[in-house]
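S.K.: Requesting a structural model of the entry that follows:
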Amino acid sequence: MDKASVLRHKDKQLSLNDHFLIQEIVEELKKQRPIQYILGEIEFYGLTLTVDENVLIPRPETEEMVELIVKGETPPPYPLHKRGRKYKLLDIGTGSGCIAVALAKHLPESEVFALDISEKALAVARKNAIENQVNVHFFSHDILTEEALPLPFSSVFFDCIVSNPPYITSEEKPSMAKNVLDYEPHQALFVPAGDNPLIFYERIADFAGSRLKKGGSLYLETSSLHGRASVKIFEDRKFRSVVLLKDISGNDRIIIAKL
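M.R.: Here you go, the predicted model:
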């Protein structure tokens, strides 16, 4: 309820069931369980998405990246999209499907693909696509392998690849908030053993070099700690017009590059 509704209904009595529900929620909050998991949903770029402990909770910074893609309001030599064009977009490490579902909803003329290594995450993503009435081609794949994409996706080339990959190392665990560390999926947060925070950026750069169409664009979220190093990965692989944008908080956050 918004504040005006609360004032209008200030004499309304909560039911016994409401009291019990609020008590349960408060007990979960005391354990620092994220409110999004307690309620089972979150608002993301105008959509209502289901979330649970199998997927990361979508962040506002990711909405900023979606906004750049949807509206094409990127620095020269962009923008990326022209309305009415049927682009093929790929979301790597889709998790809840927040990026893929939002792109499918706001760019309905495009064909959206999304992959993840977690079958449980893909189940959540598929549910979100159904509930938001969009069509996304979801499939299971480990982007760190050299294996080709599974059929029938192995022959598809993309106009745009987008990703918010893991970039946290085990050394950073002590400084992380308890509500993140104890509840959000570690596979989606942390890089694999070896603690190379750039491993996913290196692999995605190699993958995009062979699967992006000529002139295609790449959008990635990155850590403010590794933004410049991430940019160098794409510059070294001869991507053009590589830019690093700051998020609304002033942190290095979004990499954009063209092939």
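
S.K.: Quick one: neighbours of residue 214, just the number.
M.R.: By other CB atoms under 10 Å, 7 other residues sit near residue 214. The C-beta positions use only the backbone N, C-alpha and C, and glycine is treated the same way.

S.K.: now for the longest strand along the chain, which elements pack on it?
M.R.: For the chain, the strand with the greatest residue count under DSSP state E is strand 212-221. Counting by 3 or more CB pairs under 8 Å, 6 or more residues apart in numbering; DSSP states H and E, the packing neighbours recorded for strand 212-221 are helix 60-71, strand 158-163, helix 199-211, strand 252-258.

S.K.: buried ones in the longest one?
M.R.: Taking 16 or more other CB atoms under 10 Å as the basis for neighbour counts, the residues of helix 199-211 that come out buried are 199-205, 207-208, 211.

S.K.: pLDDT averaged over the longest strand of the chain - what is it?
M.R.: For strand 212-221, mean pLDDT is 93.

S.K.: which parts of the very next helix or strand once past it are buried?
M.R.: Heading C-terminal from strand 212-221, the first helix or strand you meet, by DSSP states H and E, is helix 227-236. Neighbour-count burial for helix 227-236 flags 227, 230-231, 233-234 (criterion: 16+ other CB under 10 Å).

S.K.: From those residues, pick the one nearest residue 107.
M.R.: For the buried residues of helix 227-236, the residue nearest residue 107 by CB to CB is residue 234; the value is 23.4 Å.

S.K.: contacting residues for the closest one?
M.R.: 201, 205, 218, 242, 255, 257 (CB atoms under 8 Å, 6 or more residues apart in numbering).

S.K.: of all the residues you listed, which two lie farthest apart?
M.R.: Spatially, the most separated pair among these is 201 and 242, at 11.6 Å (CB to CB).

S.K.: can you pull up the bridge partners for residue 48?
M.R.: residue 43 (DSSP bridges).

S.K.: ok, it touching residue 127?
M.R.: No - the criterion here is CB atoms under 8 Å, and residue 48 misses it with residue 127 at 11.6 Å.

S.K.: Looking at the two, which one has more neighbours?
M.R.: residue 127 (16 against 11).

S.K.: Just the strands from the stretch 1-150 of the chain, written as ranges.
M.R.: 41-44, 47-50, 88-92, 111-116, 136-140 (DSSP state E, counting those that start in this stretch).

S.K.: What is the first one packed up against?
M.R.: Meaning strand 41-44. strand 47-50.

S.K.: May I see the buried residues of the strand it packs on?
M.R.: Buried residues in strand 47-50, counted by 16+ other CB under 10 Å: 47, 49-50.

S.K.: and if you look at stretch 248-259?
M.R.: 252-259.

S.K.: Among the residues you listed, which one lies nearest to residue 183?
M.R.: Scanning those for proximity to residue 183, where the rule is CB to CB, the winner is residue 253, at 23.1 Å.
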